[in-house]
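*Asks:* Okay, predicted coordinates and the sequence, questions at the end:
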Amino acid sequence: MASKWWTLIVVSVAVLMLLLDITVVSVALPSISRDLHANFEHLQWVVDAYSLALASWLLAGGSSADRYGRKRVFAMGLALFITASALCGLAQTPLMLDLCRAVQGVGGALLFSTALALLGHSFQGRERGLAFGTFGAVTGIGVAIGPLVGGVVTDGLGWRWVFFINVPLGLAALLVTLRKVEESRNTNALRTDWWGMALFSAALFLLVFALVQGNQRGWTSPLILAALCAAAFLLGLFWAWERHTKDPLLDLNLFRLPTFTGISVVAFALSAAVFSLLLYITLYLQTVLGFSPLGAGVRSLPSTLSMFAIAPLAGRLSVRAPVRLLLAGGLLVAGAGCALLTVVSPSSPWTALIPGFVLQGLGVGIANPPLAASAIGVVEPERGGMASGINSTFRQVGIATGVAAFGAIFQHKLIADSSRLLHAAKALPSLPAALRGQLGRRLLAGEADVLARSLPKPAAQLITHAYKVGFVGGLDLIFWVAAGVAAVGSVFALALVRRRDFVAAAGQGRRSQRLAKPLR
C-alpha cells in the first residue's frame, strides 16, 4: 500500500482517539468520582486540564511541526498521548489523573495540529478531497459515538479502560507512522513563539482556576482576586507581545477582518453553549436519574443522530445560502435546545430531554460545516494553517471556560437551593453536627445516596430530595446561561460575517496587502 494511504489511516486513528477522549471521559466521570473519591472540582479539571492543554499547544504544535518536521512532531504527539493515557488509567488520586490529562492534552494538540498538514503533503488533486472528506467524517464520528463508547467501556471493563484502550491503538499507529509516513517540513517556517505560548497558557490556567475555586474559597478572597487580576494582566501582556514579536503565535492581523473575528466568536460560543454542558448532563443522567454509564450514553444519542442527519444538508447549503445566516441560525437553534432542556424537574423522565437534545444536535450540525470552511476561507492558502489552528483554539477555550464558568454557577445554585429546602423543612438541626459542617461539600461530590444510607429514613429522603431539587435548579440556570451565550454568538455572526471578506481569486492581492500592514 502506498505511504499516503498509511498516512490517512494513522491520522484518522490518532484524531479519533483524541476526539473520543473529549466525549468518552464525560460518561465515565461519575465512576471516576466514586472510585477516586473525587469531588466536583476534580471532575471539572478532568475535562478542563485536557481542553486547556489542547488550546495552549495547538498553535505552537503546528509551527513546530512546520519547522522541525511534521512526521517527527506527530510521532512525538502519539508517544506522549499513549504514555499519558496509560498513566491516566493507572491514576490513584484525582490530582494524578488531572495532571496526566493535561499531558494527554499536549500530545493531542501535537497530533491535531499536524494531521491536516500531513494529509496535505501526501495527497494531491481529487485524492486530497477524498482524504480531507475522510478526515471530516472521522471527526464527526469521534464526537458522535463518544458517549456511547464511553458507556460500553465503563460498564463492561471499568473507567480505567477508557484510557487503556488508547495504548494498543496508539502503539499500532506509532509503529506505522515511523515506518510508512513520509517526513515533510516548511523550509520557510516561522520560529515557534514559546513566550507567547507561555503567556497564553498561564492566563488561561489562572482564569479557569479562579472560576473553579471561586465558590469554595470565596469570590472576594485574596487568592481568587489575585488569580483573576493576574489572568487579565497576562492576557494583556500576551496581546502586546503578539503585536510586536517577529514570529507571533497568534497573528493578530487576521482579526482585522470582521468575518474572521465573527467566526472565532462563533467557534467559542458553540463550544461553550453546547459541548461544555456534556459534563453536567452526564452527571444528571447518572447521579440524579440513576442510569448506568451505558444507559447515559444511549440517552445522549438523540443529539448526535440529529447532528449527523442535518450536517449533509448544511454542507450543501453552505455554498448557496449566506454563511452568516447558517452560523447565526445554527447558534439560535442550539440555544433554543439549551432553553428547552430547562423543562427538567426532579421527577422528570429522561425523555423530557429529547426535544432539547434534538435541537442542540441540529444547531451544531447546521453551524459546523460552514464554520470549518469559513475559518480558512477568509485567508490566503499560506495562512490556512494558522487560521484553522486559531479556530480550533477558540473551540477548546470555549469548552474549558464554559465548564469552569458553568460549574461556578451550578455549584452556587445547587447549594443555595438544597440548603433553602432543608432550612424550610427545619431538617438541619436534626443532622449530626459533623455532617452539617460538610453537607454542601458532600452534596457537590455527588454523595447524596451515601449520606442517605447513614441517616434515618425521613432525613435520608429529605436529603435525597433536596439534592435533586438543587441539582435540577443548577442545571436549569446554566441551561439558560448557555442559551444566552448562543444568542450572543448569533448576534456576532450576523453583525461581523460578510461575504466580501472571503478570499476570491480577484481580490487576494488587495487583501494580502491589507493584512500585511503592521497592527498598531
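*Replies:* Yep, it's here. Computed from a predicted structure; not experimentally measured. Numbers count the residues shown, from 1 in each chain.

*Asks:* Tell me, how many residues neighbour the residue nearest to T154 when sequence neighbours are not counted?
*Replies:* Excluding the flanking residues, the one nearest T154 by CB to CB, 6 or more residues apart in numbering is P293, at 3.9 Å. Quick note: C-beta positions are derived from backbone N, CA and C, even for glycine. P293 has 28 neighbours, counted by other CB atoms under 10 Å.

*Asks:* and if you look at L254?
*Replies:* Counted with other CB under 10 Å, the neighbours of L254 add up to 18.

*Asks:* one step back: what sits against the residue nearest to T154?
*Replies:* V27, A28, P30, S31, G150, G151, T154, D155, W159, Q286 (CB atoms under 8 Å, 6 or more residues apart in numbering).

*Asks:* Try it again at 6 Å.
*Replies:* Contact analysis of P293 by CB atoms under 6 Å, 6 or more residues apart in numbering lists V27, G151, T154, D155.

*Asks:* Pretty sure the last one sits against L294.
*Replies:* Yes: checked against CB atoms under 6 Å, the pair D155 and L294 is within contact range at 4.2 Å.

*Asks:* quick check: domain ranges of this structure?
*Replies:* Using automatic domain parsing, the domain ranges for the chain come out as 1-192, 194-246, 250-520.

*Asks:* and the ones you listed as JSON lines, adding mean pLDDT?
*Replies:* Formatted as JSON lines, the domains of the chain follow (pLDDT from 0 to 100):
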{"stretch": "domain 1-192", "mean pLDDT": "83"}
{"stretch": "domain 194-246", "mean pLDDT": "88"}
{"stretch": "domain 250-520", "mean pLDDT": "80"}
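
*Asks:* which residues sit in contact with the most centrally placed residue in the chain?
*Replies:* Nearest to the mean C-alpha position of the chain, counting by CA atoms, centre = their mean, stands I399 at 3.7 Å. Counting by CB under 6 Å, 6+ apart, I399 makes contact with S51, S271, F275, S276.

*Asks:* G398 - how many residues pack around it?
*Replies:* Neighbour tally, G398, other CB under 10 Å: 27.

*Asks:* can you tell me which residues contact it?
*Replies:* F268, S271, A272.

*Asks:* let's go with 10 Å and repeat that
*Replies:* By CB atoms under 10 Å, 6 or more residues apart in numbering, G398 lies in contact with 51, 55, 264-276, 485, 489.

*Asks:* Now which of those would you call buried?
*Replies:* 51, 55, 264-276, 485, 489 (16 or more other CB atoms under 10 Å).

*Asks:* So V212 is in contact with W45, correct?
*Replies:* Yes: at 6.8 Å, V212 counts as touching W45 under the criterion of CB atoms under 10 Å.

*Asks:* what residues do those two have in common as contacts?
*Replies:* In contact with both V212 and W45: V403, A404, G407, using CB under 10 Å, 6+ apart.

*Asks:* In those residues, which residue is surrounded by the most others?
*Replies:* V403 leads the shared contacts of V212 and W45 on contacts (other CB under 10 Å) with 30 neighbours.

*Asks:* Name the member of the shared contacts of V212 and W45 with the shortest distance to E242.
*Replies:* Nearest to E242, judged by CB to CB, of those is A404 at 23.8 Å.

*Asks:* so where does that closest one fall, helix or strand?
*Replies:* helix 384-424 (DSSP states H and E).

*Asks:* centre of the chain versus that helix, how much separation?
*Replies:* 11 Å (CA atoms, centre = their mean, to the nearest Å).

*Asks:* One more: stretch 200-214?
*Replies:* Going by CA atoms, centre = their mean, where stretch 200-214 is centred and where its chain is centred differ by 16 Å.

*Asks:* could I get that stretch in PDB with only the CA atoms?
*Replies:* Provided in PDB are the C-alpha atoms of stretch 200-214 (Å, rounded to 0.1, in the frame of the first residue of the first chain):
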ATOM      1  CA  PHE A 200      -1.400  32.400  26.900                       C
ATOM      2  CA  SER A 201      -1.300  29.100  28.800                       C
ATOM      3  CA  ALA A 202      -0.700  30.800  32.200                       C
ATOM      4  CA  ALA A 203      -3.500  33.300  31.600                       C
ATOM      5  CA  LEU A 204      -6.000  30.600  30.700                       C
ATOM      6  CA  PHE A 205      -5.000  28.400  33.600                       C
ATOM      7  CA  LEU A 206      -5.400  31.300  36.100                       C
ATOM      8  CA  LEU A 207      -8.800  32.200  34.700                       C
ATOM      9  CA  VAL A 208     -10.100  28.700  34.900                       C
ATOM     10  CA  PHE A 209      -8.600  28.100  38.300                       C
ATOM     11  CA  ALA A 210     -10.400  31.200  39.700                       C
ATOM     12  CA  LEU A 211     -13.700  30.100  38.200                       C
ATOM     13  CA  VAL A 212     -13.400  26.500  39.500                       C
ATOM     14  CA  GLN A 213     -12.200  27.600  43.000                       C
ATOM     15  CA  GLY A 214     -14.300  30.700  43.400                       C
END
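
*Asks:* Common neighbours of D155 and L294, please.
*Replies:* The contact lists of D155 and L294 share V27, where a contact means CB under 10 Å, 6+ apart.

*Asks:* Can you tell me the number of residues neighbouring E183?
*Replies:* Neighbours of E183 (other CB under 10 Å): 12.

*Asks:* With adjacent residues omitted, what lies nearest to it?
*Replies:* K71 (4.3 Å).

*Asks:* now F406
*Replies:* F406's closest residue in space is I478 (CB to CB, 6+ apart), at 4.3 Å.

*Asks:* Distance of I366 relative to L18?
*Replies:* Using CB to CB, to the nearest Å, I366 is found at 25 Å from L18.

*Asks:* How about S418?
*Replies:* Applying CB to CB to S418 and L18 gives a distance of 37 Å.

*Asks:* got it, and T351?
*Replies:* From T351 to L18 the distance is 33 Å (CB to CB).

*Asks:* three-state assignment of P346?
*Replies:* What DSSP: H, G, I helix; E, B strand; the rest coil gives for P346 is coil.

*Asks:* surely it meets V472?
*Replies:* Yes: assessed by CB under 10 Å, P346 is found in contact with V472 at 5.3 Å.

*Asks:* So for the two, which residue has more residues nearby?
*Replies:* V472 (21 against 16).

*Asks:* quick one, what contacts the more buried one?
*Replies:* Taking CB under 10 Å, 6+ apart as the test, what V472 contacts is Y284, V288, T342, V344, S345, P346, S347, S348, K413, L414, D417.

*Asks:* In the helix or strand where it lies, which of the residues would be classed as buried?
*Replies:* Following DSSP H and E, one finds V472 within helix 457-496. Buried residues in helix 457-496, counted by 16+ other CB under 10 Å: 459-460, 462-483, 485-487, 489-490, 492-494, 496.

*Asks:* got it, and stretch 295-308?
*Replies:* Using 16+ other CB under 10 Å as the test for burial, stretch 295-308 gives G295, A296, G297, V298, R299, S300, L301, P302, S303, T304, S306, M307.

*Asks:* G236 - how many residues pack around it?
*Replies:* Counted with other CB under 10 Å, G236 comes out at 12.

*Asks:* Which helix or which strand is home to it?
*Replies:* helix 222-244.
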